[in-house]
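# Let me see the structure of the following:
(3 chains)
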Amino acid sequence: MSEEIEYDTAGITKKFMYVNRKAPYGTIYALEVLEAVLISAAFEQHACIVFVDDGVFQIKKGQDTQSVNMKNFSKTYGIIAMEKEDADEDEDMDMVWRIIVERESMESRGLCAEDFVIDVEVIPSAELAVIMSEQEIVISG
Amino acid sequence: MIHTVNKSPFERNSLDSCLRLSIKGAPILFLEDGVLAVTSGTSISDKVANAQRDHPIFVLGPDLQARGIAEGDVAEGITIIDYGEFVDLVVEHGTVQSWL
Amino acid sequence: MKFGILVNEGPFTHQASDTAYHFVSAAIEKGHQVMRVFFYYDGVNNANKLSAPQADDRDLVKLWGKLATQHNVDLVVCIAAALRRGIIEENLADGFRISGLGQLTEVGIAADRLVVFGD
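Residues are numbered from 1 along each chain as shown, chains lettered A, B, ... in the order given. Okay, here's the model as predicted:
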């Protein structure tokens, strides 16, 4: 195996965006993007975690995966919410995290903000398009 | 920012989501099965023609050729590019948002 | 310019790995630096040395490996995704290394552009 290569990222803060568009459990993308988001917290970068299209179902309350025998990871989104709160409260940390649901995706699927396991910003598509255009790294799952 | 769409608009909603969430002026590149969006005379040709008013639109030539789509079948105003020009677009336009 | 690349899908089932390979090759030809290609989700399957495509078809696993040896491209396979899919040291193809998910965040920060290829 090749040797480990590391790049110096000290002092650099960039704007990451994680775009979640797929429902949970039908594919693994929801879980593995979540893992990428959690790992990224250690790097203290800015992040927008965005739920669009069927991705809004990733954070829906009441998931019971017992009968399908799959790991229920919906509670893990609570850790993202905690990371965001820590970043908001820590004046020494220059790290802004936003958790965003696209309004149109939510409403067209018959959902509302109260249906989600975490607090989110519900943002209409025109405004979200502007936020997206300002990001520096987009990770699509 | 540059947006890429790699799935067919007849199969997925990736193009619709891209159009809804991209700001005016941002370029869009169709590649892989996404190239099915650019031919004239389909049920979505009007949608793409409307999009052309707000976005410069590009399509990856090798993917057209692979799928037997002739350059003459590509809607007017859409620029056919190769992989090298794909790289150039990314260098020029910054962040890439891949609509998968 | 410095590029980071994320490959979400394995060889053959989706075109993502092919497109990523062509993009990386073109970037190198133009004199850009490809700092790292990170293989995540089923993308880890691009590192399986047991892959044996038909003789008249491209061998993506080997093509990627050649990019590593000829152009010093860092090919990283995510350990968590790899374990799920049975990619371990014993069947890891030449040119690849297994590492943590932090390497994706790291190249996102260090590179000028991150490009995602997936389904």
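# how about the strands of chain B, start to end?
Secondary structure of chain B (DSSP state E): strands at B:2-5, B:28-30, B:57-60, B:79-81, B:96-99.
# can I get those in JSON lines with mean pLDDT and mean neighbour count?
Where you see a C-beta, it was placed from the backbone N, CA and C, and this is true even at glycine. Putting these into JSON lines (pLDDT from 0 to 100; neighbours: other CB atoms under 10 Å in any protein chain shown) gives the following:
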{"stretch": "strand B:2-5", "mean pLDDT": "98", "mean neighbour count": "27"}
{"stretch": "strand B:28-30", "mean pLDDT": "98", "mean neighbour count": "26"}
{"stretch": "strand B:57-60", "mean pLDDT": "98", "mean neighbour count": "23"}
{"stretch": "strand B:79-81", "mean pLDDT": "98", "mean neighbour count": "17"}
{"stretch": "strand B:96-99", "mean pLDDT": "98", "mean neighbour count": "24"}
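# With distance to A:Glu89 added, can I get those strands in a markdown table?
What follows is these, written out as a markdown table (distance: least, CB to CB, whole Å):
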| stretch | distance to A:Glu89 |
| --- | --- |
| strand B:2-5 | 35 |
| strand B:28-30 | 39 |
| strand B:57-60 | 44 |
| strand B:79-81 | 47 |
| strand B:96-99 | 30 |
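# And the ones you listed: which comes nearest chain A?
Checking the strands of chain B against chain A by CB to the nearest CB gives strand B:96-99 as the closest, at 4.5 Å.
# Let me know whether the lengthiest helix in chain C sits next to chain A.
Looking across chain C with DSSP state H, the single longest helix is helix C:16-29. No: using CB under 8 Å from any CB of the partner chain, helix C:16-29 never reaches chain A; the gap is at least 11.3 Å.
# That helix and chain B in contact?
Yes: Helix C:16-29 lies within reach of chain B by CB under 8 Å from any CB, at C:Ala16, C:Thr19, C:His22, C:Phe23, C:Ser25, C:Ala26, C:Ala27, C:Glu29.
# by contact count, what packs against the helix or strand just after that helix?
Following helix C:16-29 in sequence order, the next helix or strand is strand C:33-39 (DSSP states H and E). Counting contacts by 3 or more CB pairs under 8 Å, 6 or more residues apart in numbering or on different chains; DSSP states H and E, strand C:33-39 packs against strand C:2-7, helix C:16-29, helix C:60-71, strand C:74-78, helix C:102-110.
# what's the closest of these to B:Val35?
Among the helices and strands packed on strand C:33-39, helix C:16-29 comes nearest to B:Val35, with 11.6 Å by CB to CB.
# other SSEs contacting that closest one?
Contacts defined by 3+ CB pairs under 8 Å, 6+ apart place helix C:16-29 against helix B:83-93, strand C:2-7, strand C:33-39, helix C:60-71, strand C:113-117.
# quick check: angle from that helix to strand C:33-39?
170 degrees (axes from the mean of the first three to the mean of the last three CA atoms, to 10 degrees).
# Give me the contacts around helix C:16-29.
Residues from elsewhere that reach helix C:16-29 (CB atoms under 8 Å, 6 or more residues apart in numbering or on different chains): B:6, B:31-32, B:62, B:82-84, B:86-87, C:3, C:5, C:7-11, C:34, C:37, C:43, C:46, C:58, C:60, C:63-64, C:67, C:71, C:73, C:115, C:117-119.
# can you give me how far that helix is from the chain middle?
10 Å (CA atoms, centre = their mean, to the nearest Å).
# what does stretch B:52-61 give?
Chain-centre distance of stretch B:52-61: 5 Å, with CA atoms, centre = their mean.
# for it, how far is the first residue from the last?
Taking CA to CA, to the nearest Å, stretch B:52-61 runs 18 Å from one end to the other.
# Over to stretch B:59-75?
End-to-end span of stretch B:59-75 (CA to CA): 11 Å.
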